[in-house]
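S.K.: Sequence and predicted structure below; questions after.
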Amino acid sequence: MTTPRFLINTDGSPFDKDELNSLKSLLDGLSDGDREDFRNKNADQIAEDDSQSTLIVSGPGTGKSTIFLKRIEYWLKKYPTAKVRVVSFVRKLVADLQEDVTSNRSLSDEQKGQVNVSTLHRLARSVVEKNGGTTERPFKAHSKIIVDHWEEEVWEDAKQLLGIGDGYTWKEMLENLHNANLSKEDRWSELITTYFKITNYYNAICFADMVILAASAVAENPELVEEDFFILDEYQDFNQAEDNFVTELTKNAKSILMVGDDDQVLYEKLKAGKAELIRKHYSDLSKANAMLPFCGRCAFHTTKASSEFINIDAEENCIDKVYLPLRGTEEGSRVTCVACPNPASAIDYVKKFINENKEALDERKAQLEDGTKKDAFLLILSPDKKLAFYGNEKDGLSEAIAAYQTTEKLKYGEDYFKVLTYNAFGNDETNNFAFRKILTYESVSRNDITTLIREALDAEVDFTKLDKEIVRSITEKSKRVVEVLENDELDAKGKAQAIATIIEISDIEKLEKDILQSTTEEEGFKVEHEDEEAAELEEIEPSKANAIELMSIVGSKGLSADHVIILGFDDKNMGYVTRNAFYVAMTRARKSLHILTALRCRGSSGPNAFFQALPEAHLQFVKHIRTNSATTVIASKADYVRYFRSVAHARNQARQ
């Protein structure tokens, strides 16, 4: 038998499609032991290659974290003074990799200190802070982050100053920032200039703008870059502004490792992530190209089904790749496609699964609590995390999983963040952004807000220097809030009640709980949330996993579980889920994958169109009915489709 070569082209050439097909056949013919041996040696070959820049195309579960550690160990061994920066978009991946580095016995404490793992946005913020913005757009120390709806509010401030009503939306501006392509059209240019003037006055920056500023800061001051070795994860989700930042960041790097997969692009709409960027790097002959071919996460049938699914109707310029199960034997069950006549039956199927696995779930819950495991036992994924398409039936699922949601991250209420803002201004009267927020909290009219901003900008003074009654009122209220929070004689309940007499609070009991959560015996009330990276990306994963997690399909990026159940797989409610997102959802499963289609969900009439692209050889079909909680086998893919038609037909007949 021909021995397959290692999957690395040091000359930078893309892999030839015919050769890849041949390699795929060779690798798929290996025994389980030989597969594992090839996977390890292939990873070693890539990790110890001395190419200045390498791009690894890595499918889900193919061992990115392992090769990151191998690469770090190799760099630090060969270059003892190396400083390594690892960046990713998914915070759980950042946390997991940091933990892997910290617990790595092959690295000394000194070497561990030479490795810095962070999100790209946190790195950008650090660069901007160190440089004080840029020469053209300077910022003071401790600049604030504009997040959530405040992005649109600040943009509206700029529009109001110029008397612009309709058009020129924040969505358009955000897209311009993501694409690093600010319009030069006269009205746009004037508006952008005004927006930058306001953000400078507020000493506050949104994340998209932060990335552009960071690139400019590094360009004018290369000494800001402390690291000389870089690992860039999830490159398929980089947008043009982020790509520009990385280009500046790594201009003088000794070695760069980029990892991504254009089949896993998820953030096209959220932040204009572009598969074209990773494809551009793949065709760059100055970069070595490499691949990790074996999925060690998913079971045989899940890997085969997801691999065949993503290759059907692939984009013409998609990067050809090898994606095979690490075990060639057909272990485990096939992907289970579940047909349900109504939402109640779908919920019953999930509850039945939970009840049948209660012992394993209890064990995983204990393992998560003592730290011996870090992944969920069951991920329940849906195009809509709130399961609105199941109507009132969704409440039954919430009750079923409640016992396994013990480590859910506390969600701070709006009142809490309002209090933080008053506290921030009370402690620093030069905090113009906090004052601007309070104007909204105090229900000041848009016209009056615009007048205050204009007067402050024209006079080049902080808001507090304006001789206005509203300024005096806000200042007095803010100082009173600070006094309450710093009063050690008041408990959380007393503080919440006292604050409610100063400013408008909608839920005193919730505020009490939030204040209690942010209070320690050693430090008292801690102000630590105002500048959290809440808008970096949709943050769905808790800091510590639960035995059962319910989340959106897109939100599952970076996670995995023994079992995955995908809900809402119908022709109505999954319409906006991309093929890439569904592929990512499938490949979260380690042992079993269940895909549920239910009728009577906002007009659903059958499985999603993706169903036709799923290979029957790796599927099994069942129907589940709540009335007797019975699950029965359906013989084939065609019979599965016919079942939905027969139910719909019977329902129509009953109506006549």
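M.R.: Everything's here; your move.

S.K.: low-confidence ranges in this structure?
M.R.: 1, 268-270, 272, 407-410, 520-543, 652-656 (pLDDT under 70).

S.K.: Quick one: the strands in the stretch 151-300 of the chain, in order.
M.R.: Under the criterion DSSP state E, counting those that start in this stretch, the stretch 151-300 of the chain contains strands at 204-206, 229-232, 255-260, 288-292, 294-295.

S.K.: among these, which is the most enclosed?
M.R.: For these, average neighbour numbers computed from mean count of other Cβ atoms under 10 Å are highest in strand 294-295, which has a mean of 26. Any C-beta I mention is one placed from the backbone N, CA and C, and that applies to glycine too.

S.K.: Which residues are in contact with L559?
M.R.: Shown in contact with L559 (Cβ atoms under 8 Å, 6 or more residues apart in numbering): K92, D375, A376, L379, E541, A545, E549, M551, R588.

S.K.: what packs against the longest strand along the chain?
M.R.: Counting residues, the longest strand found in the chain (DSSP state E) is strand 589-598. In terms of contacts (3 or more Cβ pairs under 8 Å, 6 or more residues apart in numbering; DSSP states H and E), strand 589-598 is packed against helix 300-311, strand 335-340, helix 343-356, strand 561-566.

S.K.: what's the distance between it and the middle of its chain?
M.R.: Relative to its parent chain, strand 589-598 has a centroid offset of 22 Å by Cα atoms, centre = their mean, to the nearest Å.

S.K.: Given the very next helix or strand once past that strand, what are its sheet partners and their directions?
M.R.: Per DSSP states H and E, the first helix or strand lying C-terminal to strand 589-598 is strand 619-625. Strand pairing for strand 619-625, determined by DSSP bridges: strand 335-340 (parallel), strand 630-634 (antiparallel).

S.K.: Of those strands, flag the one that's most buried.
M.R.: Ranked by mean neighbours (mean count of other Cβ under 10 Å), the strands paired with strand 619-625 are led by strand 335-340, with a mean of 24.

S.K.: got the buried residues for the longest helix along the chain?
M.R.: Determined from DSSP state H, the single longest helix within the chain is helix 637-655. The neighbour-count check on helix 637-655 (16 or more other Cβ atoms under 10 Å) flags K637, Y640, V641, Y643, F644, V647, A648 as buried.

S.K.: what's the answer for stretch 599-619, then?
M.R.: For stretch 599-619, burial by neighbour count (16+ other Cβ under 10 Å) applies to 599-601, 604, 606-608, 610-611, 613-615, 618-619.

S.K.: now the end-to-end length of it.
M.R.: End-to-end span of stretch 599-619 (Cα to Cα, to the nearest Å): 20 Å.

S.K.: What of stretch 611-627?
M.R.: With Cα to Cα applied, stretch 611-627 spans 26 Å between its terminal residues.

S.K.: Strands of the stretch 351-500 of the chain, start to end?
M.R.: Ranges of strands in the stretch 351-500 of the chain, per DSSP E, counting those that start in this stretch, are 376-382.

S.K.: quick one, helices of it?
M.R.: Assignment of helices within the stretch 351-500 of the chain using DSSP state H, counting those that start in this stretch yields the ranges 358-370, 394-401, 414-427, 432-441, 446-459, 469-485, 492-500.

S.K.: And the strands of the stretch 151-300 of the chain: which comes nearest D384?
M.R.: Taking Cβ to Cβ, strand 204-206 is the member of these nearest to D384, at 26.6 Å.

S.K.: Direction included, what does that closest one pair against?
M.R.: Applying DSSP bridges, one finds strand 204-206 paired with strand 144-146 (parallel).

S.K.: roughly how far is the partner strand from the heart of the chain?
M.R.: Here the centre of strand 144-146 is set off from its chain's centre by 19 Å, with Cα atoms, centre = their mean.

S.K.: before we move on, back to that, going by distance to L361, which of the buried residues of helix 637-655 wins?
M.R.: Y640 (28.7 Å).

S.K.: I'd assumed F621 was in contact with the closest one.
M.R.: Yes: using Cβ atoms under 8 Å, Y640 is in contact with F621, at 4.3 Å.

S.K.: Now the common contact residues for these two.
M.R.: Taking Cβ under 8 Å, 6+ apart as the contact rule, Y640 and F621 both touch C337, A339, I634.

S.K.: Which residues are in contact with the last one?
M.R.: I take that to be I634. Taking Cβ under 8 Å, 6+ apart, we find I634 in contact with A339, F621, V622, K623, Y640, Y643.

S.K.: which pair in those residues spans the largest distance?
M.R.: Farthest apart among the contacts of I634 by Cβ to Cβ are V622 and Y643. That separation is 10.0 Å.

S.K.: joint contacts of these two?
M.R.: What both V622 and Y643 touch, as defined by Cβ under 8 Å, 6+ apart, is the set A339, I634.

S.K.: Quick check: P138 vs A581, distance?
M.R.: Distance check for P138 against A581: by Cβ to Cβ, to the nearest Å, it reads 40 Å.

S.K.: Tell me which of those two has more neighbours.
M.R.: Set P138 next to A581 and count neighbours by other Cβ atoms under 10 Å: A581 wins out with 23 against 11.

S.K.: Now do the contacts for that one.
M.R.: Residues in contact with A581, defined by Cβ under 8 Å, 6+ apart, are L266, I553, V554.

S.K.: From the contact counts, what lies against the longest helix of the chain?
M.R.: The criterion is 3+ Cβ pairs under 8 Å, 6+ apart, and the helices and strands that helix 637-655 contacts are strand 335-340, strand 619-625.

S.K.: Now distance to A204 too, for those, in JSON lines please.
M.R.: Formatted as JSON lines, those follow (distance: least, Cβ to Cβ, whole Å):
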{"stretch": "strand 335-340", "distance to A204": "47"}
{"stretch": "strand 619-625", "distance to A204": "51"}
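
S.K.: among those, which is nearest G426?
M.R.: Of all the helices and strands packed on helix 637-655, it is strand 335-340 that lies closest to G426, at 54.9 Å by Cβ to Cβ.

S.K.: And the contacts of the closest one?
M.R.: 301-302, 305, 346, 349, 586, 592-599, 607, 611, 614, 618-625, 631, 634, 640, 643-644.

S.K.: now do stretch 456-475
M.R.: 161, 197-198, 201, 425-426, 429-430, 432, 435-436, 438-439, 442, 444, 448, 452, 455.

S.K.: If any of the residues you listed are buried, give me the PyMOL selection for them.
M.R.: Listed next is the PyMOL selection for buried residues among those, using 16+ other Cβ under 10 Å:
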select buried, resi 161+198+201+425+426+429+432+435+436+438+439+444+452
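
S.K.: who does the helix or strand hosting L511 touch, helix- and strand-wise?
M.R.: L511 is part of helix 508-517 when elements are defined by DSSP H and E. Using 3+ Cβ pairs under 8 Å, 6+ apart, the elements in contact with helix 508-517 are helix 414-427, helix 492-500.

S.K.: tell me the most buried of those?
M.R.: Highest mean neighbour count among the helices and strands packed on helix 508-517 (mean count of other Cβ under 10 Å): helix 414-427, with a mean of 22.
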